[in-house]
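*Asks:* below is the sequence, then the predicted model.
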Amino acid sequence: MSFFIKNKKRKQDGKIEMKKGKKRGLRKSGGETAVVKKRRSKFDDEEIESDSDLENEEEVDVKKTVYSSEEEDLETPQEKKLRLAKQYLAQIETEESEKWDKEEESHKDVISQRLKHDLLEQTGRLQKEVADNYVQPSAEDILILRGHHLAITCLVMCHDDRYAFTGSKDCSIIKWDLKEKKRVHTIHGGRKGTENKHIGHTAHVLCLAVSSDGQYLVSGDRNKLIHLWDANSCQYLHTFRGHRDAVSGLAFRKGTHQLFSASHDRTVKIWNVDERAYIETLYGHQDCITGIDSLTRDRAITSGGRDGSVRIWKVVEESQLVFHGHMGSVDCVALINESNFLSGADDNSIAVWSVLKKKPLALVKNAHGESENPSLEENWITAVASLQHTDLLASAGSKDGFIKLWKTGSDFKSLKPVMKIPMNGFVNCLQFSKDGSFLVAGVGQEHRLGRWWKLKHAKNSLVIIQLKQKSQT
């Protein structure tokens, strides 16, 4: 119980009487409230007036606060789950209210279907069969946007598919409006040696990631730095330091501001973007990490380059799952859902995996090129992408001149080619839109990590490929 002290000044007949040495308070004794006796003042003619009404109000306020905190503390786990479930249902109702057609189905059916969809998505069992519905894009369906002076190395799209960001060897980052098909903003690169003055990157930008709410953009470069930006205004916010070599991969955990970063220093680091804080470092790869991805679970998946492994980092369990199957350097990886993923290697092979098996469920050798000795054609798999929770996948074979679309079986134990899309240059990165209506590719004259070859006739550009379905033709 708080101890209240009164020391009141009163103006009377033009004189201010000061109350000295007299205090009134409450103290708790034996579980009951007792009035503290007033000390006798040496000034017998002075009088202390207590404001009992105010005191009672203060006591009531204190009790209310105590009772309120006690009620929160007394909430059982079951009551908390019930409260969160009600909030989740209210959120679903709000999101589905615009799509709900009263003539076709009842309100309860809409909610039920959404809950089933979310459950299958969380457990990794949601798979829509859409690959057979797509038709070969025509030349008019392929749009080229130019802005970078050197090869594009990475790209990422915002959650609503309205904007995309690309990073390049020219050290710049460009924000694109995919609806208007134009450049919105450029974060210019700086010269080597101006790191302390220039706001931005002064080395090759190798990776990008955007938070699922569209608030933050992060970019990693060869200078071991991770820059944090406001995704809307492209204003610089912060720099994360800690890696000892080039930052090669970035991924936000879906629905959070938890960031995973991968590096050529063979480590994965976890960051809290809201607090601008480092959390921990994960060790295990024996070679440069070349790619990373993450969904809603507190885990990340990485490709380990020449160590030939793909690893899933289970953060909560403090463990990792290791997968082997490629004969060459594993250069790219992409999650299909929480339980399955796709990988590509420089031996010209792609593979589909399950988290429950250490060997690939499906492995396609010579995925880009029919030569018995793929090393002669140098068709490295430089990028893979998945239309998440469907059977549609994509891969790029370095400079072989094509992007290939694939269909995976319902059990993920097969991979069949669907179509080939002509593409001139090194395809260094790929990403599907959320609804599967288009595919974006980052193309350059050089490979994203080196300058072993240069295709002078290619264009350093962002390519938007419209994907039409049979019902749309």
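*Replies:* Good, I have the coordinates.

*Asks:* look up how far residue 467 lies from the closest residue to residue 469 other than its chain neighbours.
*Replies:* Nearest non-adjacent residue to residue 469, counting by CB to CB, 6 or more residues apart in numbering: residue 133, 4.4 Å away. Yep, even glycine has a C-beta here, placed from its N, CA and C like the rest. As for residue 133, its distance to residue 467 is 10 Å (criterion: CB to CB, to the nearest Å).

*Asks:* of those two, which one has the most company?
*Replies:* Set residue 133 next to residue 467 and count neighbours by other CB atoms under 10 Å: residue 467 wins out with 25 against 15.

*Asks:* isn't the more buried one right up against residue 134?
*Replies:* Yes: using CB atoms under 8 Å, residue 467 is in contact with residue 134, at 5.6 Å.

*Asks:* at the geometric centre of the chain, which residue do we find?
*Replies:* The centroid of the chain falls nearest to residue 252 when counting by CA atoms, centre = their mean (2.3 Å).

*Asks:* count of residues packed around residue 272?
*Replies:* Neighbour count of residue 272, defined by other CB under 10 Å: 13.

*Asks:* tell me which element residue 89 is part of?
*Replies:* Assigned by DSSP states H and E, residue 89 belongs to helix 77-96.

*Asks:* break down the stretch 101-250 of the chain into its strands, ranges please.
*Replies:* 142-146, 152-157, 163-168, 173-177, 182-187, 205-210, 216-221, 226-230, 236-240, 247-252 (DSSP state E, counting those that start in this stretch).

*Asks:* average pLDDT for the second one?
*Replies:* To tie it back to what came earlier, the one meant is strand 152-157. The pLDDT scores in strand 152-157 average 97.

*Asks:* from residue 147, how far out is residue 276?
*Replies:* Distance, residue 276 to residue 147, by CB to CB: 30 Å.

*Asks:* counting neighbours, go ahead and name the busier of the two.
*Replies:* Higher neighbour count among residue 276 and residue 147: residue 147, with 18 against 12, using other CB under 10 Å.

*Asks:* from residue 168, how far out is the more buried one?
*Replies:* 9 Å.

*Asks:* contacts only, for residue 424.
*Replies:* Shown in contact with residue 424 (CB atoms under 8 Å, 6 or more residues apart in numbering): 401, 443, 455, 457-459.

*Asks:* oops, could you answer that again for residue 214 instead?
*Replies:* By CB under 8 Å, 6+ apart, the residues touching residue 214 are 158-160, 231-232.

*Asks:* same question, residue 387
*Replies:* Residue 387 is in contact with 130, 393, 432, 436, counting by CB under 8 Å, 6+ apart.

*Asks:* any idea which of these is closest to residue 243?
*Replies:* Proximity of these to residue 243, judged by CB to CB, is greatest for residue 432, which lies at 28.8 Å.

*Asks:* what's the local residue count around that closest one?
*Replies:* Per other CB under 10 Å, the neighbour tally for residue 432 reads 24.

*Asks:* for it, which non-adjacent residue is closest in space?
*Replies:* Counting by CB to CB, 6+ apart, residue 432 lies nearest to residue 387, which is 4.4 Å off, once chain neighbours are set aside.

*Asks:* same deal with residue 415?
*Replies:* residue 362 (4.6 Å).

*Asks:* how close does that neighbour get to residue 414?
*Replies:* Distance from residue 362 to residue 414, by CB to CB: 5 Å.

*Asks:* shared neighbours, those two?
*Replies:* By CB under 8 Å, 6+ apart, the residues touching both residue 362 and residue 414 are residue 408.

*Asks:* more neighbours, those two?
*Replies:* Neighbour count, other CB under 10 Å: between residue 362 and residue 414, residue 362 has more, with 18 against 14.

*Asks:* distance of that one from residue 421?
*Replies:* Plainly put, residue 362 is 21 Å away from residue 421 if you go by CB to CB.
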